[in-house]
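Student: Build me a model:
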Amino acid sequence: MRAVRVLVVSNGGLPAVDQQARGRLWLAMLEVRATGVEGYERALGLCPSACAGKINNDAFRTLAGDSEFRKTVTTESVVRVLNALLSAPDRSASDPPRYVQGMNTLLAPFLYVMDESAAFYAFRQFLRNECPLYARPSLPGVHACVQLVDECLAFVDPQLYSHLRRHGAVAKIYAFPAAMTLSANVGPLRQVVRLWDFLLAFGVHLNVVCIVAQLLSMRELLATTTSPMLFLRSFPPLRAASVIRRTRELYELLPEPLRRRIKRHAHDPALAELLAGAPP
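Tutor: Numbering: from 1, shown residues only. You can find the predicted model right below:
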């Protein structure tokens, strides 16, 4: 993992020659041991899931504006993997994932960089080990994340934080889509997967700081407008190398208690509940 981290930091993401090579590295980082098609086919045999209707309604909207994704991944594959995930019992998880808002978008990068059966195993491992509270009813991990975005911004740039609050821009509103999807909604997908190289190598908890890094890239614009929400409804196109560099710099500046909360927010139900209930 150390060598992978060096590659990610040096190149602003993995210097993968093709997306399938990136997919193999993601499987290794997630410690996915088996990707056999037989197990995936057994899961498909248990479909449709109880959430099939919701999945069908959401699947066709998955990264609908990203031509690279639409060219590479079919809506049917999104439907199959999500139904299989929810139909097949995950005996290694005490509280297996449910279908929640944004899950189709979280799945999208996996289907972009690996084949369908591998994406099934990788996505299951990702939800189980990296961000289990992002795939629970009421999205406690996501609500904790946006609260931490506000806390981080208040620490690293109190002037911008105060300006945004004064004009009605709080993270629980503007940062929720990016928090819920680990910035997969921001696009373009080729930059998203480079950012995810970083998150998988260093920890998905850094989703919090990646969002702050994106906000600071807009600082000049945000600090001079009295209508910041007009610009925060959709973030500028992602530049992964810049976000990775700034995220690492910002994280080093944060006080240790805040860093501990960031590290735990996607796994610790009590902390997530506490953060989610905090006033904005």
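
Student: Now Pro237: which helix or strand?
Tutor: If you go by DSSP states H and E, Pro237 is not part of any helix or strand.

Student: residues touching it, list them.
Tutor: By Cβ atoms under 8 Å, 6 or more residues apart in numbering, the residues touching Pro237 are Val186, Gly187, Pro188, Gln191. C-beta: built from backbone N, CA, C; applies to glycine.

Student: Which of these fall in helices?
Tutor: With helices defined by DSSP state H, the entries of those inside them are Gln191.

Student: Save the contacts of Pro237 as CSV, and put in neighbour count and distance to Phe235 too.
Tutor: Formatted as CSV, the contacts of Pro237 follow (neighbours: other Cβ atoms under 10 Å; distance: Cβ to Cβ, whole Å):
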residue, neighbour count, distance to Phe235
Val186, 22, 5
Gly187, 18, 9
Pro188, 17, 12
Gln191, 20, 11
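
Student: What is the nearest of the contacts of Pro237 to Thr35?
Tutor: Nearest to Thr35 among these is Gln191, at 25.8 Å by Cβ to Cβ.

Student: Need the contacts of Pro237 in CSV (columns: pLDDT).
Tutor: As requested, the contacts of Pro237 are arranged in CSV below (pLDDT from 0 to 100):
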residue, pLDDT
Val186, 96
Gly187, 92
Pro188, 96
Gln191, 97
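
Student: Where strands are concerned, which of the contacts of Pro237 count?
Tutor: Among these, none falls in strands (DSSP state E).

Student: which one among the contacts of Pro237 gets closest to Val113?
Tutor: Distance to Val113 across the contacts of Pro237 (Cβ to Cβ) is lowest for Gln191, with 13.2 Å.

Student: so how far is Glu68 from the closest one?
Tutor: Distance, Gln191 to Glu68, by Cβ to Cβ, to the nearest Å: 10 Å.

Student: Over to Leu275?
Tutor: 35 Å.

Student: Compare these two (neighbour count), which wins?
Tutor: Leu275 (21 against 14; other Cβ atoms under 10 Å).

Student: burial measure for the closest residue to that one other than its chain neighbours, as a count.
Tutor: Spatial nearest neighbour of Leu275, excluding adjacent residues (Cβ to Cβ, 6 or more residues apart in numbering): Ala144 at 3.9 Å. By the measure other Cβ under 10 Å, the count of residues near Ala144 is 29.

Student: Could you pull out the buried residues of the helix or strand harbouring Ala144?
Tutor: Here Ala144 sits within helix 140-156, counting by DSSP H and E. Neighbour-count burial for helix 140-156, counted by 16 or more other Cβ atoms under 10 Å, picks out 140-154, 156.

Student: quick one: contacts of the following helix or strand past it?
Tutor: Proceeding N to C from helix 140-156, the next assigned helix or strand is helix 158-166, under DSSP H and E. With Cβ under 8 Å, 6+ apart as the test, helix 158-166 has contacts from Asp150, Leu153, Ala154, Val170, Leu215, Leu216, Arg219, Leu222, Ala223, Pro228.

Student: which among those end up buried?
Tutor: Buried members of the contacts of helix 158-166, counted by 16+ other Cβ under 10 Å: Asp150, Leu153, Ala154, Val170, Leu215, Leu216, Leu222, Pro228.

Student: what secondary structure does Gly13 sit in?
Tutor: coil (DSSP: H, G, I helix; E, B strand; the rest coil).

Student: Check whether it really touches Arg194, as I assumed.
Tutor: Yes: at 2.8 Å, Gly13 counts as touching Arg194 under the criterion of Cβ atoms under 8 Å.

Student: Quick check: the residue nearest to Phe235 when sequence neighbours are not counted vs Leu82, distance?
Tutor: Nearest residue to Phe235 in three dimensions, chain neighbours excluded: Val186, at 4.8 Å (Cβ to Cβ, 6+ apart). Using Cβ to Cβ, one gets 21 Å for the distance from Val186 to Leu82.

Student: Report the angle between the helix holding Ala144 and helix 158-166.
Tutor: Calculated by axes from the mean of the first three to the mean of the last three Cα atoms, to 10 degrees, helix 140-156 forms an angle of 130 degrees with helix 158-166.

Student: Next one, pLDDT for Ala278 please.
Tutor: Per-residue confidence at Ala278 stands at 77 (pLDDT).

Student: give the contact list for it.
Tutor: By Cβ under 8 Å, 6+ apart, the residues touching Ala278 are Gln147.

Student: how close does it get to Tyr161?
Tutor: Taken as Cβ to Cβ, the span from Ala278 to Tyr161 is 15 Å.
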